[in-house]
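Q: Here is a sequence with its predicted model. Questions after.
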Amino acid sequence: MKKFSKILSVALLVALVLSLGITNAFAADSYPITINNANATAKHTYTAYQVFAGTLDKNANGEDILTNIVWGDGVNGGALLTELKTINAYKDCADAAAVAKVLEGFSDNSAELEAFAEIVGKHLATGTESTASADFKTYTIDPGKPGYYIIKETGVNPESTRSSSGFMIDVVGPATANVKDNPMTPDKNILIANGADPSQFTKVKENTANVGDTVNFVVDQIKVPSTDGYKTFKFVMRDTLPKGLTFGAIVSVKLDKNGAALDASAYTVTTKTNTDGSTELRIAIKNALTALKPYEGKEVEIQYTATVNKEANFGNTGNKNEVVFEFTNNPSDEHEGDDFGPDEPHGISPKSETITYVTKIVVMKVDDKNAALAGAVFKLSGEAKNVVVTTGQHFVEATDGTYYLLKDGTYTTTAPTNGTADKYADTTKKYKLENYQRTELQGKNNVDIEAVSGTDGKIIYEGLKPGTYTLTETGAPVGFNKIENPFSFTIKFDSNTKKFAFDGTPTDGVVMKDDGTVEINVVNHSGAVLPSTGGIGTTIFYVVGGVLVLAAIILLVTKKRMSE
């Protein structure tokens, strides 16, 4: 019988092995097959199945050959022959010897030889399993008898990072095979537009964003695996989006990143909300067993979007987003559908992750004794497009309100009079303070949002990306003086430390906390204030002044009478 070598799928039909020869180094019942898998990081199990058995002999050239060929104990010979006879090349074959004669006419690495191996894979019986080295990189199988063998990967660590691949085996005595498998290692990135050309992007592993911003993701560097010999095959991308990211849309799915995008009918997209608030996004290729075949060895590319929402982690923790690929790694598995069931074993690639960072500003309003003050009005201006105010108050018009709006934009509890009416925006409308949680989606590059400190003295502006900001107190609580000078600062994100920091020195009172959020402690001092800041007006000065003048007159009159 002709000797040949063959490249086949590791996960399917790894190699055809013709055990030839007995050397002085091995006993007559020893026919070792060595499999080298230099890329292995987990234990694999390879099994050798004897396809043909026979008598070991030598030809005229002294080469070892197999004669008196019959079906080996590793296959169901009758069923195998029945299927082979449906193929024109084997239609006249009556037994194993005749099939072996047909195989001898095929060239090495031919399509005919690979087709034969695929059919054999459907009719396997018992085999001999491999023994792994301590580092899982070398495997030894000794079936103990000569023959024509097919090697199949029959077991792998459930977290296998590898799918179909192949290796070449050249049999010259004890057989040795070197696995040429391709690791399933996806690479996920965020696409950042380059300047004026929106069609050009830079790939990054982390980015900064505002609440409401869209994040563009791309996953690639996964090669389409071989599906040769599998009974069923599934190929699924699984992305876990944190609760701070809301899935948007699929931009494109390509099985060849240099080719055309698949029609949406070629894959399924499902989402599921997990108990921790994260979202599981799954993209499954339909009928992957046949759909992947034209793209074998090509690099996959998938693009999709998500939006930062108000549930995001704020500060240095970031919002981690990770992707894996799941795939069938047992050729004997027969499962329906395009996606995996909860208990269906399969291979899983390593994770690839990106992180989106968002920060916040915490304003704490206190008096000179460090007690919280409610009712202070602040305006935040800066480069953020969208801001979520998660703690604070705001004025709403109400018939039972106790506040009036002044023309300068602040409020007072002092009712207008004939002498002060010109200071009021409206002398009849009343307002009251309500606690609120509000998202300002202003749709512009600069934010300009006003809020009032709550009963705990706080206003929290969440959902900010790096930029330059100014916080201005536009109105102090009743009975207190407002801060005249605004707080200015520039936030940056350090890509080396993966932390938020200040760019330069901020205004006094502005602090970057260890968690990557900004804290501003604003102290108001009590004192007489004008109506525009919520006070009772200058009337108090007139009243107090009048009393003092009257007292002085009485004192002078009394002294004069006493002197007389």
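A: Sure, I can see it.
Q: Any stretches of the stretch 201-350 of the chain with poor pLDDT?
A: The model of the stretch 201-350 of the chain has pLDDT under 70 over residues 229, 330-332.
Q: Mind doing that once more with 90?
A: 201, 210-213, 225-232, 296-297, 310, 328-335, 341-350 (pLDDT under 90).
Q: Who does residue 361 form a beta bridge with?
A: Taking DSSP bridges as the rule, residue 361 bridges to residue 461, residue 518.
Q: Same check on residue 64?
A: Taking DSSP bridges as the rule, residue 64 bridges to residue 58.
Q: Can you report how many residues lie near it?
A: 19 (other Cβ atoms under 10 Å). Glycine gets a C-beta too; all of them are placed from N, C-alpha and C.
Q: State the three-state secondary structure for residue 115.
A: Under DSSP: H, G, I helix; E, B strand; the rest coil, the three-state class of residue 115 is helix.
Q: how many neighbours does the residue nearest to it when sequence neighbours are not counted have?
A: Distance criterion Cβ to Cβ, 6 or more residues apart in numbering; nearest residue to residue 115, sequence neighbours excluded, is residue 87 at 7.6 Å. A count of nearby residues for residue 87, using other Cβ under 10 Å, gives 14.
Q: any idea how far residue 121 is from residue 87?
A: Taking Cβ to Cβ, to the nearest Å as the measure, residue 87 and residue 121 are separated by 15 Å.
Q: How about residue 191?
A: Distance of residue 191 to residue 121, computed by Cβ to Cβ: 41 Å.
Q: Would you state the strands of the stretch 401-550 of the chain in chain order?
A: In the stretch 401-550 of the chain, the strands defined using DSSP state E, counting those that start in this stretch lie at 404-405, 411-412, 431-435, 438-441, 447-452, 458-464, 467-475, 487-494, 499-502, 510-512, 518-524.
Q: hang on, I meant the stretch 1-150 of the chain
A: Under DSSP E, counting those that start in this stretch, the stretch 1-150 of the chain gives strands at 6-9, 15-18, 33-36, 44-58, 64-71, 128-129, 131-132, 138-141, 148-156.
Q: quick one on the thing from earlier: residue 191 and residue 121: which has the busier surroundings?
A: Applying other Cβ under 10 Å to residue 191 and residue 121 shows that residue 121 carries more neighbours, namely 22 against 18.
Q: So the more buried one sits against residue 151, correct?
A: No - using Cβ atoms under 8 Å, residue 121 makes no contact with residue 151, being 10.8 Å away.
Q: hang on, the earlier thing: of the strands of the stretch 1-150 of the chain, which is nearest residue 329?
A: Set against residue 329 and scored by Cβ to Cβ, these come closest in strand 148-156, at 5.6 Å.
Q: so what strands line up beside that closest one?
A: Here, using DSSP bridges, strand 148-156 pairs with strand 15-18 (antiparallel), strand 44-58 (antiparallel).
Q: Show me which residues of the last one are buried.
A: Right, strand 44-58. For strand 44-58, the neighbour count (16 or more other Cβ atoms under 10 Å) marks 44, 46, 47, 48, 49, 50, 51, 52, 53, 54, 56 as buried.
Q: May I have the beta-bridge partners of the fourth one?
A: Taking DSSP bridges, one obtains residue 128, residue 151 as the residues bridged to residue 48.
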